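Enquirer: need a structure here:
(chains A and B)
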Number of protein chains: 2
Amino acid sequence: MYKLEKLESGVCAAQGFYADGISAGLKPNGALDMAFIYAEVPCEIAATFTTNKMAAAPIKHFRAKGEFQTNFVLINSKNANAMTGEAGVNDIDEILAHLPGEAQNPVMSSTGVIGVRLPKEKLIDGLKKFDLTQKNPHNAAQAIMTTDSFGKEIAFRVTLDDGSSFNIGAMAKGAGMINPAMATMLCFITTDADVDGVTMQKILDRVVVTTFNAASVDGDTSTNDTVMLLSNQKSAAFDAKAFEDVLHQIMEHLAKQMVKDGEGATKLVTYRVTGAKDDAEAEVVAKALSNSLLVKTALYGEDPNWGRIASTVGASGVTCSEESLTISFEDVCVYEKGKLYFDAAMEAKAAEVMQRDEFTISCDLGVGEGNFQAFGCDLGYEYVKINADYRT
Amino acid sequence: MYKLEKLESGVCAAQGFYADGISAGLKPNGALDMAFIYAEVPCEIAATFTTNKMAAAPIKHFRAKGEFQTNFVLINSKNANAMTGEAGVNDIDEILAHLPGEAQNPVMSSTGVIGVRLPKEKLIDGLKKFDLTQKNPHNAAQAIMTTDSFGKEIAFRVTLDDGSSFNIGAMAKGAGMINPAMATMLCFITTDADVDGVTMQKILDRVVVTTFNAASVDGDTSTNDTVMLLSNQKSAAFDAKAFEDVLHQIMEHLAKQMVKDGEGATKLVTYRVTGAKDDAEAEVVAKALSNSLLVKTALYGEDPNWGRIASTVGASGVTCSEESLTISFEDVCVYEKGKLYFDAAMEAKAAEVMQRDEFTISCDLGVGEGNFQAFGCDLGYEYVKINADYRT
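Expert: Numbering: from 1, shown residues only, chains lettered A, B, ... in the order given. Now for the predicted structure:
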């Protein structure tokens, strides 16, 4: 096993990583809008990107490099550099050409409005404000935000049984829901663990499925979604099991933070689906529930309207029937395999659960062994009340 | 060809059909909540129902009858009789047993809250208020509403070239969007055309695809969705082509009325997708656009944010690329095959289009001959403003 120690230094928690955020004038009033992550030595890289066929220029730019190491990531908010074609990719090279010589194979990541060329001059001027000796991870986390209401960071020191240790830290942006910037999620994770890119990629591919890919945004998939994991291997320590465990903790934490930050969201709900034909069908149901406007409005109204859950399961088209389905709010079972025993007393119990900020809704489909867990939030604002009050 | 004459008599437009709506006390303040459609003679039937695996009791009850004719349809709002199992189906038989002898093979249709048994006594008492000699189609249309803000009816007399004529009329309910009652849509169409059930079913199956199934509700599929077409063959007239044309007009009109009636909706938008690999992929894109919260919020903000359209197309996973896609708001082309020529002047033109109550957004995917057209609306209310203003 291993020992975990929480650190406050975000993407600078790992030895030899520097970061900062500055204002390049993309956001009004001098708000931070451009950030860098810099390492003294080239880093091993693992990354996952959006499945959107209109992948943004920075993603095309990254993919075009093939296999490589980098020690510099430039990130801007307010402009996604998406749907900008070849010109958008060339803009990136022009901008990165102005970086100091310390930057090797620099890459870029962007989030914001789609279909507008980057304001190159502003960004190039902004680069002059960078000081690569700075360790201001919180500024960097602020600079990459769009509609986020708070920065999202987490970091750990991991001490293995043999006493050796490595550090891993991350920052992310993404407002969970109804995000006008296509709910872009960006996540940057740095570590000094002694791990190569191929190993990291395998681990990242596994972990992203049950963390960021399990978080409900608005059902749209951004042109810019990016998770980037960098290791400068400064520490001699590494343990695959410990690394994957901790990476999962980090990414699940950040995924939940994004959902919590959904505009107007007041609740974080975990949808636990079990008894499905297979894991794939469980995933379909869990995601259908976390994306259903009708479920979201019921959550907001704290209305244990389990009928919407049942109907959403049925609408998802997976193997399940009225007679096989069981629905619970935390430990309160509201519907079990055709038994209609939902009464005022049970409604009160279920309503109590729904008043919590965080809770779990479980659906057992009763047809197999498949399971999946998704994270969702409610749908806030005035219009919801109209719907949430329907039952009363 | 044929001549069309608009009638105001809804489901009573066809000879020999009677309808009315009464209050059975399901809705508060004596609002109409139970309706009937009655014909003197048994009618040929065509029907399409929800694909939801948790199909409601009235749908199970109908399907269990196999092939049959009926002259009586009982409809209630406020309670969907869904997730009520075998008991829910038996409740229907108990209620229908109290109908007068004129009712042959009566069927029932329900809409409202899921997972609650029907208040049998109230409904049975309500039946006593029915007068089968009444022709009050507007009352019937009112009685089947849930969150609808207006009744939805349409009827025509169709005169064929040989001078013979038949009548066809319909009523429907369904509030387009974010409908707390699972966006249930019910539609009842009556005709005296000389057409048999098998022929009607073939025609109905074709027409529903491009009308009700092309209308965006909230992405959820109700447990109760029903379209029922009844013919008492009182008229000797029928022409398959004319019948299908007119049925399409009727169902498209009602589908658009539902979308228009979406809670908080202020715009009716037609999404015309062309140049797709095939019709199926065109349908995927058209429906993705009409259901995208990001597109809906942009519509509400009258913001020609074509980037959201492009990203939604890309996220839908169909065959399309940045270089093959073309996007137009009515006749204003805002993006063409990688050409990024969206400027202030064009934005002004596109914004003018978006200020209209009804307009078309066209996407040519540029990869084939497939096409599909879907109907959607914007997403209203305060929370939308926050998103719609993002660009400014």
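Enquirer: Is the top strand by length along chain A in proximity to chain B?
Expert: Scanning chain A for the strand with the most residues, using DSSP state E, yields strand A:34-49. No: Strand A:34-49 stays clear of chain B (C-beta under 8 Å from any C-beta of the partner chain), getting no nearer than 12.5 Å. Using the backbone N, CA and C atoms, a C-beta is placed for each residue, glycine as well.
Enquirer: averaged over its residues, what pLDDT does stretch A:149-164 have?
Expert: The average pLDDT for stretch A:149-164 rounds to 94.
Enquirer: Give the bridge partners for A:Thr191, please.
Expert: A:Ile168, A:Ser231 (DSSP bridges).
Enquirer: That one: what's it in contact with?
Expert: A:Ala14, A:Phe166, A:Asn167, A:Ile168, A:Gly169, A:Leu229, A:Leu230, A:Ser231, A:Asn232, A:Phe243 (C-beta atoms under 8 Å, 6 or more residues apart in numbering or on different chains).
Enquirer: Could you find the closest non-adjacent residue to the residue of the stretch 1-150 of chain A found nearest chain B?
Expert: Closest contact between the stretch 1-150 of chain A and chain B, by C-beta to the nearest C-beta, is at A:Ile114 (2.7 Å). Of all residues not flanking A:Ile114 in the chain, B:Gly307 sits nearest, at 2.7 Å (C-beta to C-beta, 6 or more residues apart in numbering or on different chains).
Enquirer: Please settle this for me: is that neighbour part of a helix?
Expert: Yes: the assignment for B:Gly307 (DSSP: H, G, I helix; E, B strand; the rest coil) places it in a helix.
Enquirer: Look at it and report its pLDDT.
Expert: Reported pLDDT for B:Gly307: 87.
Enquirer: Quick one: end-to-end distance for stretch A:174-192.
Expert: With C-alpha to C-alpha, to the nearest Å as the measure, the ends of stretch A:174-192 fall 25 Å from one another.
Enquirer: Now it: average pLDDT?
Expert: Here the average pLDDT along stretch A:174-192 is 71.
Enquirer: Just the CA coordinates for the longest helix along chain A, please, in PDB.
Expert: Ranked by residue count, the top helix of chain A under DSSP state H comes out as helix A:240-260. The C-alpha trace of helix A:240-260 is given here as PDB (Å, rounded to 0.1, in the frame of the first residue of the first chain):
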ATOM      1  CA  ALA A 240       1.600   1.400 -11.000                       C
ATOM      2  CA  LYS A 241      -1.200   0.300  -8.600                       C
ATOM      3  CA  ALA A 242      -0.600   3.300  -6.300                       C
ATOM      4  CA  PHE A 243      -0.300   5.700  -9.200                       C
ATOM      5  CA  GLU A 244      -3.600   4.500 -10.800                       C
ATOM      6  CA  ASP A 245      -5.400   4.700  -7.400                       C
ATOM      7  CA  VAL A 246      -4.300   8.200  -6.800                       C
ATOM      8  CA  LEU A 247      -4.800   9.400 -10.400                       C
ATOM      9  CA  HIS A 248      -8.400   8.000 -10.000                       C
ATOM     10  CA  GLN A 249      -8.900   9.900  -6.800                       C
ATOM     11  CA  ILE A 250      -7.600  13.100  -8.400                       C
ATOM     12  CA  MET A 251      -9.700  12.800 -11.600                       C
ATOM     13  CA  GLU A 252     -12.900  11.800  -9.800                       C
ATOM     14  CA  HIS A 253     -12.500  14.700  -7.400                       C
ATOM     15  CA  LEU A 254     -12.000  17.200 -10.300                       C
ATOM     16  CA  ALA A 255     -14.900  15.600 -12.300                       C
ATOM     17  CA  LYS A 256     -17.200  16.000  -9.300                       C
ATOM     18  CA  GLN A 257     -16.000  19.600  -8.800                       C
ATOM     19  CA  MET A 258     -17.000  20.300 -12.400                       C
ATOM     20  CA  VAL A 259     -20.500  18.900 -11.900                       C
ATOM     21  CA  LYS A 260     -20.900  20.700  -8.700                       C
END
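Enquirer: Okay then, goodbye and thanks.
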